[in-house]
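> Sequence first, then the predicted structure, then my questions.
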Amino acid sequence: MVNQERLNINTATEEELMALPGVNRPVAQSIVEHRDCIGGFKKVEDLSLCDSATKLEIIKVEICVSSRTSSSQHSPSSLRRDPEHMSSCSGMNINTTTPPQLRSIRGITEKIARNIVAYRTQHGPFKSIEDLVRVEHINCSLLDKIRFQVFVEREGLR
């Protein structure tokens, strides 16, 4: 194994995750579900967006993530982008889109659109699509449905 000293949370099975301190089956399932939903963790700290956030400090030193370039081991369903999803030039920029524009995204209600705008007003621009799970009423399931309809572009960050 390449990562003998640290467990790669992007490729680990539930059983491998359960070998970590304090990780039982429900926590391991939560990690796997969240990973599949977001298409893989980009950094160890992304685990804090998962239901198992309380375990992060305990297991942080024992886990790692693979780079995005070696994504062959990620969930194929969350990484495969079929042409129909890509036809609209990756969708709308969630950092500049207005509530009426957001409502045109399948799955976004008026309330969720207002919550997205309120969140970015309060916390600043979104850094990644995965940050949307921090918005009230957006869960992993909804994020998975809208991820190909939106993108994140931050101005002045080069």
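Looks like it came in fine.
> Next secondary structure element downstream of the lowest-mean-pLDDT helix or strand in the chain?
Sorting the helices and strands of the chain by mean pLDDT, DSSP states H and E puts helix 83-86 at the bottom, at a mean of 35. Heading C-terminal from helix 83-86, the first helix or strand you meet, by DSSP states H and E, is strand 92-93.
> Double-check that residue 97 belongs to a helix.
No. In this structure, residue 97 is coil, not part of a helix, as judged by DSSP: H, G, I helix; E, B strand; the rest coil.
> and it, what does it touch?
residue 150 (Cβ atoms under 8 Å, 6 or more residues apart in numbering). In this view, the C-beta of every residue, glycine as well, is placed from N, C-alpha and C.
> Then residue 135?
By Cβ under 8 Å, 6+ apart, the contact list for residue 135 reads 112, 115, 116, 119.
> quick one, what contacts the second one?
To tie it back to what came earlier, the one meant is residue 115. By Cβ under 8 Å, 6+ apart, the residues touching residue 115 are 135, 136, 137, 138.
> and if you look at the first one?
By Cβ under 8 Å, 6+ apart, the contact list for residue 112 reads 102, 135, 137, 138, 142.
> Could you give the secondary structure assignment for the third one?
For residue 137, the reduced secondary structure class is coil; criterion used: three-state DSSP.
> Same check on the last one?
Classification of residue 142 by three-state DSSP places it in helix.
> Please report the distance of it from residue 116.
Taking Cβ to Cβ, to the nearest Å as the measure, residue 142 falls 11 Å from residue 116.
> Comparing these two, which shows the higher neighbour count?
residue 116 (24 against 18; other Cβ atoms under 10 Å).
> In space, what's closest to that one - neighbours in sequence excluded?
The shortest distance from residue 116 to any non-neighbouring residue, by Cβ to Cβ, 6 or more residues apart in numbering, is to residue 135 (5.4 Å).
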